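1. Dropping a prediction and its sequence here:
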Amino acid sequence: MTKKTLLDFACLALASCLLCPTVWANPAEDEIAAATRAMIEELGLRESATPARELPGWRRPAKVVAWLDRPEWLPTLQAAAPGVEIVPAASVEEATRAVADAQALLGFCEQEIFAQGPDLHWVQVYWSGVEDCVAHPGMLQGDKVLTNGQAIASPALAEHAIALMMALVRGLDAYHVNQLAGAWRDDVGLFNADFMELEGRTALVVGLGGIGTQTAKRAHGLGMRVIATRGSRREGPDYVDYVGLADETLELARQADVVINTTPLTDDTRGLFDAAFFKAMKPTAYFISVGRGASTVTDDLVAALRAGELAGAGLDVTDPEPLPDGHPLWTTPRVLISPHTAGRSDRTRERLLLLVRENLRRYVAGEPLLSVVDIQRGY
Ligand SMILES: NC(=O)c1ccc[n+]([C@@H]2O[C@H](COP(=O)([O-])OP(=O)(O)OC[C@H]3O[C@@H](n4cnc5c(N)ncnc54)[C@H](OP(=O)(O)O)[C@@H]3O)[C@@H](O)[C@H]2O)c1
(Lines give C-alpha, C1' and ligand atoms only; values in the text may rest on other atoms or scores of the structure.)
Protein backbone atom coordinates (compact mmCIF):
# COMPACT_ATOMS: atom_id res chain seq x y z
CA MET A 1 0.00 0.00 0.00
CA THR A 2 1.44 3.39 -0.95
CA LYS A 3 1.69 6.36 1.39
CA LYS A 4 -1.16 8.16 -0.38
CA THR A 5 -3.59 5.27 -0.24
CA LEU A 6 -2.52 4.56 3.33
CA LEU A 7 -3.30 8.17 4.19
CA ASP A 8 -6.72 7.92 2.58
CA PHE A 9 -7.33 4.66 4.44
CA ALA A 10 -6.05 6.09 7.71
CA CYS A 11 -8.69 8.78 7.33
CA LEU A 12 -11.31 6.05 7.15
CA ALA A 13 -9.81 3.87 9.84
CA LEU A 14 -9.69 6.71 12.35
CA ALA A 15 -13.34 7.50 11.98
CA SER A 16 -15.81 5.94 14.40
CA CYS A 17 -19.10 4.43 13.30
CA LEU A 18 -22.76 5.11 13.93
CA LEU A 19 -24.36 2.08 12.33
CA CYS A 20 -21.45 -0.22 13.09
CA PRO A 21 -22.75 -1.55 16.40
CA THR A 22 -25.73 -2.86 14.44
CA VAL A 23 -23.78 -3.99 11.41
CA TRP A 24 -21.00 -5.65 13.36
CA ALA A 25 -22.65 -7.04 16.42
CA ASN A 26 -26.07 -7.98 15.17
CA PRO A 27 -26.23 -8.14 11.42
CA ALA A 28 -29.92 -7.78 10.65
CA GLU A 29 -30.11 -8.21 6.88
CA ASP A 30 -33.06 -5.92 6.27
CA GLU A 31 -31.50 -3.05 8.25
CA ILE A 32 -28.22 -3.41 6.42
CA ALA A 33 -29.98 -3.61 3.06
CA ALA A 34 -31.98 -0.45 3.82
CA ALA A 35 -28.88 1.45 4.96
CA THR A 36 -27.03 0.28 1.84
CA ARG A 37 -29.82 1.41 -0.49
CA ALA A 38 -29.94 4.81 1.24
CA MET A 39 -26.18 5.23 0.88
CA ILE A 40 -26.22 4.33 -2.82
CA GLU A 41 -29.00 6.85 -3.39
CA GLU A 42 -27.51 9.65 -1.26
CA LEU A 43 -24.02 9.43 -2.74
CA GLY A 44 -25.13 8.50 -6.25
CA LEU A 45 -22.91 5.41 -6.32
CA ARG A 46 -22.49 4.04 -9.83
CA GLU A 47 -23.74 0.54 -10.64
CA SER A 48 -22.02 -1.33 -13.45
CA ALA A 49 -24.12 -1.95 -16.56
CA THR A 50 -22.76 -5.53 -16.73
CA PRO A 51 -23.58 -8.16 -14.08
CA ALA A 52 -20.44 -9.66 -12.55
CA ARG A 53 -21.39 -13.13 -13.84
CA GLU A 54 -21.14 -11.82 -17.43
CA LEU A 55 -17.64 -10.38 -16.93
CA PRO A 56 -14.88 -12.40 -18.63
CA GLY A 57 -13.14 -14.53 -16.00
CA TRP A 58 -15.88 -14.41 -13.34
CA ARG A 59 -16.76 -17.48 -11.34
CA ARG A 60 -18.33 -17.77 -7.90
CA PRO A 61 -15.35 -17.24 -5.60
CA ALA A 62 -14.20 -19.94 -3.22
CA LYS A 63 -11.69 -17.74 -1.38
CA VAL A 64 -11.35 -14.02 -0.66
CA VAL A 65 -8.39 -12.31 1.04
CA ALA A 66 -9.39 -9.19 2.95
CA TRP A 67 -7.72 -6.48 4.98
CA LEU A 68 -9.85 -6.40 8.12
CA ASP A 69 -8.46 -4.07 10.73
CA ARG A 70 -11.31 -4.97 13.08
CA PRO A 71 -12.33 -8.56 13.82
CA GLU A 72 -16.01 -7.48 13.81
CA TRP A 73 -15.83 -7.06 10.03
CA LEU A 74 -15.40 -10.78 9.44
CA PRO A 75 -18.86 -12.08 10.49
CA THR A 76 -20.48 -9.15 8.71
CA LEU A 77 -18.70 -9.91 5.46
CA GLN A 78 -19.11 -13.66 5.93
CA ALA A 79 -22.89 -13.25 6.16
CA ALA A 80 -22.84 -11.63 2.71
CA ALA A 81 -20.82 -14.48 1.19
CA PRO A 82 -22.08 -17.83 2.46
CA GLY A 83 -19.80 -20.74 1.71
CA VAL A 84 -16.91 -18.48 0.69
CA GLU A 85 -13.67 -18.69 2.69
CA ILE A 86 -12.72 -15.16 3.80
CA VAL A 87 -9.10 -14.98 4.94
CA PRO A 88 -8.23 -11.88 6.97
CA ALA A 89 -4.80 -10.35 6.31
CA ALA A 90 -3.32 -7.56 8.40
CA SER A 91 -0.40 -6.72 6.11
CA VAL A 92 0.79 -6.96 2.52
CA GLU A 93 3.03 -9.88 3.57
CA GLU A 94 0.10 -11.81 5.05
CA ALA A 95 -2.03 -11.12 1.99
CA THR A 96 0.80 -12.22 -0.31
CA ARG A 97 1.09 -15.53 1.58
CA ALA A 98 -2.68 -16.15 1.50
CA VAL A 99 -3.54 -15.11 -2.05
CA ALA A 100 -2.35 -18.11 -4.12
CA ASP A 101 -5.81 -19.64 -4.68
CA ALA A 102 -8.00 -16.56 -4.01
CA GLN A 103 -10.35 -15.02 -6.57
CA ALA A 104 -10.86 -11.69 -4.81
CA LEU A 105 -8.76 -9.22 -2.84
CA LEU A 106 -10.30 -6.62 -0.55
CA GLY A 107 -8.44 -3.59 0.83
CA PHE A 108 -5.08 -4.12 -0.89
CA CYS A 109 -3.65 -3.22 -4.28
CA GLU A 110 0.00 -4.22 -4.41
CA GLN A 111 2.01 -5.69 -7.26
CA GLU A 112 3.66 -8.25 -4.94
CA ILE A 113 0.22 -9.61 -4.04
CA PHE A 114 -0.86 -9.76 -7.70
CA ALA A 115 2.35 -11.62 -8.54
CA GLN A 116 1.37 -14.45 -6.15
CA GLY A 117 -2.36 -14.46 -7.01
CA PRO A 118 -2.84 -15.93 -10.50
CA ASP A 119 -6.59 -16.49 -9.92
CA LEU A 120 -7.35 -12.97 -8.70
CA HIS A 121 -10.25 -11.50 -10.65
CA TRP A 122 -11.83 -8.85 -8.43
CA VAL A 123 -9.98 -6.19 -6.42
CA GLN A 124 -11.92 -3.88 -4.07
CA VAL A 125 -9.88 -1.00 -2.61
CA TYR A 126 -11.08 0.96 0.42
CA TRP A 127 -10.20 4.41 -0.95
CA SER A 128 -11.09 6.52 -3.96
CA GLY A 129 -7.85 7.66 -5.63
CA VAL A 130 -6.39 4.69 -7.54
CA GLU A 131 -3.61 6.32 -9.58
CA ASP A 132 -0.97 4.02 -8.02
CA CYS A 133 -3.18 0.94 -8.10
CA VAL A 134 -3.96 1.13 -11.84
CA ALA A 135 -0.26 1.56 -12.60
CA HIS A 136 0.62 -1.98 -11.41
CA PRO A 137 1.20 -4.38 -14.34
CA GLY A 138 -0.73 -7.05 -12.40
CA MET A 139 -3.85 -4.91 -12.57
CA LEU A 140 -3.93 -5.33 -16.34
CA GLN A 141 -3.50 -9.11 -16.28
CA GLY A 142 -6.33 -11.65 -16.39
CA ASP A 143 -9.42 -9.50 -17.00
CA LYS A 144 -9.25 -7.99 -13.51
CA VAL A 145 -12.11 -5.90 -12.22
CA LEU A 146 -11.29 -3.02 -9.85
CA THR A 147 -13.82 -1.31 -7.59
CA ASN A 148 -13.00 1.60 -5.31
CA GLY A 149 -14.37 3.73 -2.46
CA GLN A 150 -15.51 6.46 -4.84
CA ALA A 151 -17.61 9.08 -2.98
CA ILE A 152 -17.55 7.14 0.30
CA ALA A 153 -15.80 9.97 2.17
CA SER A 154 -17.36 12.69 0.00
CA PRO A 155 -19.58 14.34 2.65
CA ALA A 156 -16.58 14.88 4.93
CA LEU A 157 -14.35 16.00 2.07
CA ALA A 158 -16.99 18.44 0.85
CA GLU A 159 -17.45 19.92 4.31
CA HIS A 160 -13.69 20.24 4.63
CA ALA A 161 -13.47 22.07 1.30
CA ILE A 162 -16.22 24.43 2.42
CA ALA A 163 -14.49 24.90 5.80
CA LEU A 164 -11.23 25.90 4.08
CA MET A 165 -13.14 28.30 1.82
CA MET A 166 -15.06 29.91 4.69
CA ALA A 167 -12.02 30.21 6.93
CA LEU A 168 -10.16 32.06 4.17
CA VAL A 169 -12.96 34.43 3.12
CA ARG A 170 -13.48 35.38 6.80
CA GLY A 171 -9.72 35.84 7.40
CA LEU A 172 -9.64 33.20 10.17
CA ASP A 173 -6.15 32.14 9.08
CA ALA A 174 -4.86 35.64 9.87
CA TYR A 175 -6.72 35.94 13.20
CA HIS A 176 -5.53 32.52 14.30
CA VAL A 177 -1.90 33.60 14.07
CA ASN A 178 -2.67 36.38 16.57
CA GLN A 179 -4.63 34.04 18.81
CA LEU A 180 -1.60 31.76 19.10
CA ALA A 181 0.40 34.81 20.19
CA GLY A 182 -2.34 35.84 22.67
CA ALA A 183 -2.82 39.12 20.77
CA TRP A 184 -6.25 40.84 20.45
CA ARG A 185 -5.66 42.69 17.17
CA ASP A 186 -8.32 43.72 14.68
CA ASP A 187 -5.67 44.84 12.20
CA VAL A 188 -4.39 41.72 10.48
CA GLY A 189 -3.39 43.37 7.25
CA LEU A 190 -6.74 42.63 5.61
CA PHE A 191 -9.09 45.33 4.36
CA ASN A 192 -12.90 45.19 4.26
CA ALA A 193 -12.70 44.25 0.59
CA ASP A 194 -10.67 41.16 1.51
CA PHE A 195 -13.59 39.62 3.43
CA MET A 196 -15.61 38.15 0.59
CA GLU A 197 -19.32 37.53 1.14
CA LEU A 198 -20.13 34.24 -0.55
CA GLU A 199 -23.81 34.67 -1.36
CA GLY A 200 -24.19 35.28 -5.09
CA ARG A 201 -20.50 34.55 -5.71
CA THR A 202 -19.39 31.86 -8.19
CA ALA A 203 -17.79 28.57 -7.16
CA LEU A 204 -16.08 26.49 -9.84
CA VAL A 205 -15.91 22.79 -8.90
CA VAL A 206 -13.27 21.12 -11.06
CA GLY A 207 -14.22 17.42 -11.12
CA LEU A 208 -17.95 17.11 -10.49
CA GLY A 209 -17.83 13.49 -9.27
CA GLY A 210 -18.62 12.10 -5.82
CA ILE A 211 -16.73 14.72 -3.80
CA GLY A 212 -17.37 17.49 -6.31
CA THR A 213 -21.14 16.95 -6.26
CA GLN A 214 -21.30 17.01 -2.47
CA THR A 215 -19.20 20.18 -2.48
CA ALA A 216 -21.40 21.79 -5.12
CA LYS A 217 -24.50 20.97 -3.05
CA ARG A 218 -23.05 22.72 -0.01
CA ALA A 219 -21.80 25.75 -1.97
CA HIS A 220 -25.26 26.08 -3.52
CA GLY A 221 -26.73 25.89 -0.02
CA LEU A 222 -24.65 28.94 0.89
CA GLY A 223 -26.28 30.86 -1.95
CA MET A 224 -23.37 30.55 -4.35
CA ARG A 225 -23.74 30.08 -8.09
CA VAL A 226 -22.03 26.80 -8.88
CA ILE A 227 -20.35 25.93 -12.16
CA ALA A 228 -18.28 22.82 -12.75
CA THR A 229 -16.21 20.68 -15.08
CA ARG A 230 -16.15 16.94 -15.64
CA GLY A 231 -13.88 14.60 -17.58
CA SER A 232 -16.28 12.81 -19.88
CA ARG A 233 -19.86 14.11 -19.74
CA ARG A 234 -21.86 17.20 -18.90
CA GLU A 235 -24.29 15.59 -16.45
CA GLY A 236 -24.92 17.39 -13.20
CA PRO A 237 -27.61 18.08 -10.62
CA ASP A 238 -30.04 21.01 -10.93
CA TYR A 239 -28.13 23.12 -8.42
CA VAL A 240 -25.12 23.26 -10.76
CA ASP A 241 -25.67 26.11 -13.20
CA TYR A 242 -23.29 24.93 -15.88
CA VAL A 243 -21.25 21.75 -16.41
CA GLY A 244 -18.36 22.10 -18.83
CA LEU A 245 -15.68 19.72 -20.01
CA ALA A 246 -11.96 19.84 -19.25
CA ASP A 247 -11.11 22.08 -22.20
CA GLU A 248 -13.31 24.83 -20.70
CA THR A 249 -11.48 24.92 -17.36
CA LEU A 250 -9.48 28.11 -18.02
CA GLU A 251 -12.49 29.99 -19.36
CA LEU A 252 -14.60 29.01 -16.35
CA ALA A 253 -11.75 29.90 -13.95
CA ARG A 254 -12.04 33.52 -15.15
CA GLN A 255 -15.62 33.63 -13.81
CA ALA A 256 -14.92 32.00 -10.44
CA ASP A 257 -14.58 33.58 -7.00
CA VAL A 258 -13.61 30.23 -5.53
CA VAL A 259 -12.09 27.27 -7.41
CA ILE A 260 -12.34 23.86 -5.75
CA ASN A 261 -10.27 20.93 -7.04
CA THR A 262 -11.92 17.54 -6.55
CA THR A 263 -10.39 15.71 -9.53
CA PRO A 264 -8.63 12.34 -9.49
CA LEU A 265 -4.95 12.30 -10.45
CA THR A 266 -4.66 11.20 -14.08
CA ASP A 267 -2.48 12.11 -17.06
CA ASP A 268 -5.03 14.85 -17.82
CA THR A 269 -5.15 16.40 -14.36
CA ARG A 270 -1.46 16.19 -13.38
CA GLY A 271 -0.23 19.78 -13.30
CA LEU A 272 -3.66 21.12 -14.33
CA PHE A 273 -3.43 24.03 -11.89
CA ASP A 274 -0.35 25.81 -13.20
CA ALA A 275 0.86 29.35 -13.84
CA ALA A 276 -1.59 29.82 -16.75
CA PHE A 277 -4.48 28.66 -14.60
CA PHE A 278 -3.63 30.97 -11.70
CA LYS A 279 -3.19 33.89 -14.13
CA ALA A 280 -6.72 33.22 -15.40
CA MET A 281 -8.16 33.43 -11.87
CA LYS A 282 -9.44 36.72 -10.45
CA PRO A 283 -6.91 38.30 -8.06
CA THR A 284 -9.66 38.24 -5.41
CA ALA A 285 -10.40 34.52 -5.87
CA TYR A 286 -9.46 31.57 -3.65
CA PHE A 287 -8.12 28.15 -4.65
CA ILE A 288 -9.14 25.09 -2.61
CA SER A 289 -7.75 21.61 -3.27
CA VAL A 290 -8.90 18.31 -1.75
CA GLY A 291 -8.23 16.04 -4.78
CA ARG A 292 -4.55 15.19 -5.22
CA GLY A 293 -1.52 17.42 -4.64
CA ALA A 294 0.13 16.65 -7.97
CA SER A 295 -2.76 18.26 -9.87
CA THR A 296 -1.23 21.55 -8.74
CA VAL A 297 2.19 22.85 -9.78
CA THR A 298 3.22 23.91 -6.30
CA ASP A 299 5.93 26.36 -7.38
CA ASP A 300 3.44 28.07 -9.69
CA LEU A 301 0.91 28.33 -6.87
CA VAL A 302 3.44 29.86 -4.48
CA ALA A 303 4.59 32.32 -7.17
CA ALA A 304 1.00 33.29 -8.04
CA LEU A 305 0.07 33.83 -4.38
CA ARG A 306 3.16 35.96 -3.79
CA ALA A 307 2.44 37.98 -6.95
CA GLY A 308 -1.16 38.62 -5.82
CA GLU A 309 -2.67 36.71 -8.74
CA LEU A 310 -5.11 35.06 -6.34
CA ALA A 311 -6.22 35.87 -2.80
CA GLY A 312 -5.41 32.65 -0.97
CA ALA A 313 -5.35 28.87 -1.00
CA GLY A 314 -6.79 26.09 1.18
CA LEU A 315 -4.97 22.81 0.65
CA ASP A 316 -5.70 19.37 2.06
CA VAL A 317 -3.34 17.87 -0.49
CA THR A 318 0.06 19.12 -1.57
CA ASP A 319 2.93 18.11 -3.80
CA PRO A 320 5.10 16.84 -2.21
CA GLU A 321 3.46 15.03 0.70
CA PRO A 322 4.30 15.30 3.46
CA LEU A 323 5.21 18.94 2.89
CA PRO A 324 8.82 19.14 4.10
CA ASP A 325 10.19 21.50 6.75
CA GLY A 326 11.06 24.87 5.29
CA HIS A 327 8.85 24.49 2.21
CA PRO A 328 7.72 27.96 1.00
CA LEU A 329 4.04 26.97 1.22
CA TRP A 330 4.31 26.86 5.02
CA THR A 331 5.14 30.56 5.16
CA THR A 332 3.19 31.95 2.20
CA PRO A 333 0.50 34.30 3.55
CA ARG A 334 -3.18 33.35 3.11
CA VAL A 335 -2.48 29.63 2.84
CA LEU A 336 -4.29 27.08 5.00
CA ILE A 337 -2.98 23.52 5.02
CA SER A 338 -4.42 20.31 6.44
CA PRO A 339 -2.35 17.12 6.17
CA HIS A 340 -4.45 15.02 3.74
CA THR A 341 -7.09 14.43 6.39
CA ALA A 342 -10.22 15.91 4.79
CA GLY A 343 -11.90 12.48 4.57
CA ARG A 344 -11.98 11.96 8.34
CA SER A 345 -15.41 11.76 9.86
CA ASP A 346 -17.56 9.84 12.31
CA ARG A 347 -19.51 8.26 9.43
CA THR A 348 -17.02 7.42 6.69
CA ARG A 349 -16.15 4.02 8.10
CA GLU A 350 -19.77 2.98 8.34
CA ARG A 351 -20.24 3.70 4.63
CA LEU A 352 -17.06 1.85 3.73
CA LEU A 353 -18.22 -1.30 5.50
CA LEU A 354 -21.61 -1.12 3.80
CA LEU A 355 -19.97 -0.69 0.40
CA VAL A 356 -17.47 -3.51 0.79
CA ARG A 357 -20.12 -5.86 2.16
CA GLU A 358 -22.55 -5.00 -0.62
CA ASN A 359 -19.96 -5.44 -3.36
CA LEU A 360 -18.93 -8.79 -1.87
CA ARG A 361 -22.57 -9.90 -1.82
CA ARG A 362 -23.03 -8.75 -5.42
CA TYR A 363 -19.82 -10.35 -6.66
CA VAL A 364 -20.64 -13.72 -5.10
CA ALA A 365 -24.20 -13.56 -6.51
CA GLY A 366 -22.91 -12.45 -9.94
CA GLU A 367 -24.79 -9.13 -9.80
CA PRO A 368 -23.59 -5.73 -11.10
CA LEU A 369 -20.86 -4.21 -8.90
CA LEU A 370 -20.81 -0.70 -7.47
CA SER A 371 -18.05 1.85 -8.21
CA VAL A 372 -16.20 -0.03 -10.93
CA VAL A 373 -13.02 1.79 -11.95
CA ASP A 374 -12.19 2.35 -15.60
CA ILE A 375 -8.63 1.05 -15.34
CA GLN A 376 -7.48 2.75 -18.56
CA ARG A 377 -8.91 6.11 -17.50
CA GLY A 378 -7.60 5.79 -13.92
CA TYR A 379 -10.77 6.57 -11.93
N1 LIG B 1 -8.07 14.52 0.40
C2 LIG B 1 -8.37 13.27 0.63
O3 LIG B 1 -8.18 12.73 1.72
C4 LIG B 1 -9.04 12.46 -0.47
C5 LIG B 1 -9.90 11.41 -0.10
C6 LIG B 1 -10.57 10.71 -1.10
C7 LIG B 1 -10.34 11.03 -2.44
N8 LIG B 1 -9.46 12.02 -2.75
C9 LIG B 1 -9.22 12.35 -4.18
O10 LIG B 1 -10.41 12.84 -4.77
C11 LIG B 1 -10.56 12.26 -6.08
C12 LIG B 1 -12.02 12.29 -6.50
O13 LIG B 1 -12.75 11.39 -5.70
P14 LIG B 1 -14.29 11.06 -6.03
O15 LIG B 1 -14.67 10.01 -5.03
O16 LIG B 1 -15.08 12.29 -6.14
O17 LIG B 1 -14.12 10.39 -7.48
P18 LIG B 1 -15.17 10.31 -8.68
O19 LIG B 1 -16.54 10.22 -8.12
O20 LIG B 1 -14.68 9.25 -9.58
O21 LIG B 1 -15.09 11.73 -9.38
C22 LIG B 1 -14.06 12.13 -10.22
C23 LIG B 1 -14.64 13.23 -11.11
O24 LIG B 1 -13.55 13.90 -11.75
C25 LIG B 1 -13.96 14.15 -13.08
N26 LIG B 1 -12.79 14.36 -13.92
C27 LIG B 1 -11.91 13.44 -14.38
N28 LIG B 1 -10.98 14.04 -15.14
C29 LIG B 1 -11.29 15.35 -15.18
C30 LIG B 1 -10.72 16.50 -15.81
N31 LIG B 1 -9.62 16.40 -16.57
N32 LIG B 1 -11.32 17.70 -15.63
C33 LIG B 1 -12.43 17.81 -14.87
N34 LIG B 1 -13.02 16.77 -14.25
C35 LIG B 1 -12.45 15.56 -14.40
C36 LIG B 1 -14.78 12.94 -13.48
O37 LIG B 1 -15.62 13.27 -14.58
P38 LIG B 1 -16.43 12.15 -15.46
O39 LIG B 1 -17.18 11.30 -14.49
O40 LIG B 1 -17.34 12.97 -16.35
O41 LIG B 1 -15.43 11.39 -16.24
C42 LIG B 1 -15.58 12.72 -12.21
O43 LIG B 1 -16.73 13.50 -12.23
C44 LIG B 1 -9.96 10.85 -5.89
O45 LIG B 1 -9.57 10.29 -7.11
C46 LIG B 1 -8.78 11.11 -4.97
O47 LIG B 1 -7.64 11.43 -5.73
C48 LIG B 1 -8.83 12.75 -1.80
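-> Yes, it's here.
2. For residue 52, see how far away the residue in the stretch 251-379 of the chain positioned nearest to the ligand is.
-> Distance from the ligand to each residue of the stretch 251-379 of the chain (C-beta to the nearest ligand atom) is smallest for residue 264, at 3.0 Å. Quick note: C-beta positions are derived from backbone N, CA and C, even for glycine. Using C-beta to C-beta, to the nearest Å, residue 264 is found at 24 Å from residue 52.
3. Kindly report the same for residue 163.
-> Residue 163 is 39 Å from residue 52, by C-beta to C-beta.
4. So those two - more neighbours on which side?
-> Shown here are residue 163 and residue 52; by other C-beta atoms under 10 Å, residue 52 has more neighbours (22 against 18).
5. mind listing what that one touches?
-> Taking C-beta atoms under 8 Å, 6 or more residues apart in numbering as the criterion, residue 52 is in contact with 58, 122, 145, 362, 363, 365, 366, 367, 368, 369.
6. The residue of the stretch 251-379 of the chain closest to the ligand contacts residue 379, doesn't it?
-> Yes - between residue 264 and residue 379 there is a contact at 3.8 Å, judged by C-beta atoms under 8 Å.
7. which residues of this structure score low on pLDDT?
-> Along the chain, the model assigns pLDDT under 70 to residues 1-27.
8. do that again at 90, thanks
-> 1-29, 69-72 (pLDDT under 90).
9. how about residue 59, secondary structure?
-> Assigned by DSSP: H, G, I helix; E, B strand; the rest coil, the conformation of residue 59 is coil.
10. Count the neighbours of residue 317 for me.
-> Neighbours around residue 317, by other C-beta under 10 Å: 25.
11. correction: residue 358
-> Neighbours around residue 358, by other C-beta under 10 Å: 22.
12. picking up where we left off before, separation between the residue of the stretch 251-379 of the chain closest to the ligand and residue 294?
-> Taking C-beta to C-beta, one finds residue 264 at 11 Å from residue 294.
13. Looking at these two now, which is surrounded by more residues?
-> residue 264 (23 against 19).
14. For the more buried one, give me the backbone phi and psi.
-> phi -80, psi 160 (degrees, to the nearest 10).
15. so what's it up against?
-> 128, 129, 130, 131, 207, 209, 291, 292, 378, 379.
16. Does residue 49 belong to a helix, a strand or coil?
-> Secondary structure state of residue 49, per three-state DSSP, is strand.
17. Neighbours of it, how many?
-> Using other C-beta under 10 Å: residue 49 sits among 8 other residues.
18. for residue 235, same thing?
-> By other C-beta under 10 Å, neighbour count at residue 235 equals 9.
19. That one belongs to a helix?
-> No - applying three-state DSSP, one finds residue 235 to be coil, outside a helix.
20. quick one: the residue of the stretch 251-379 of the chain closest to the ligand from residue 276, how far?
-> Counting by C-beta to C-beta, the gap from residue 264 to residue 276 is 21 Å.
21. With residue 210 instead?
-> Going from residue 210 to residue 276 by C-beta to C-beta gives 28 Å.
22. follow-up on the earlier one: need the contacts of residue 264 in TSV (columns: distance to the ligand and neighbour count).
-> Converted to TSV, these look like this (distance: C-beta to the nearest ligand atom, whole Å; neighbours: other C-beta atoms under 10 Å):
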residue	distance to the ligand	neighbour count
128	4	24
129	3	23
130	7	25
131	7	19
207	3	26
209	2	22
291	4	29
292	4	24
378	8	19
379	5	20
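23. Let me know the closest of those residues to residue 253.
-> residue 207 (13.4 Å; C-beta to C-beta).
24. what residues are up against the closest one?
-> 228, 229, 230, 231, 261, 262, 263, 264, 269, 291.
25. Can you tell me which of these are buried?
-> Among the contacts of residue 207, those classed as buried by 16 or more other C-beta atoms under 10 Å are 228, 229, 230, 231, 261, 262, 263, 264, 269, 291.
26. Quick one: name the residues of this protein near the ligand.
-> 8, 11, 128-129, 150-151, 153-154, 157, 206-212, 229-233, 246, 262-266, 268-269, 290-292, 316-317, 340, 342-343, 379 (C-beta under 6 Å from any ligand atom).
27. and the residues you listed, which of them are in strands?
-> Counting by DSSP state E, the part of the residues of the chain next to the ligand found in strands is 206, 229, 230.
28. Is it possible to get a markdown table of those that adds distance to residue 172?
-> Converted to a markdown table, those look like this (distance: C-beta to C-beta, whole Å):
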| residue | distance to residue 172 |
| --- | --- |
| 206 | 24 |
| 229 | 28 |
| 230 | 31 |
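29. So which of the residues you listed is the closest to the ligand?
-> residue 230 (3.3 Å).
30. Test my guess that the closest one contacts residue 247.
-> No - Residue 230 lies out of contact with residue 247 (C-beta under 8 Å); the separation is 11.5 Å.
31. Excluding chain neighbours, what is closest to residue 235?
-> Spatial nearest neighbour of residue 235, chain neighbours left out: residue 243 (6.8 Å); criterion: C-beta to C-beta, 6 or more residues apart in numbering.
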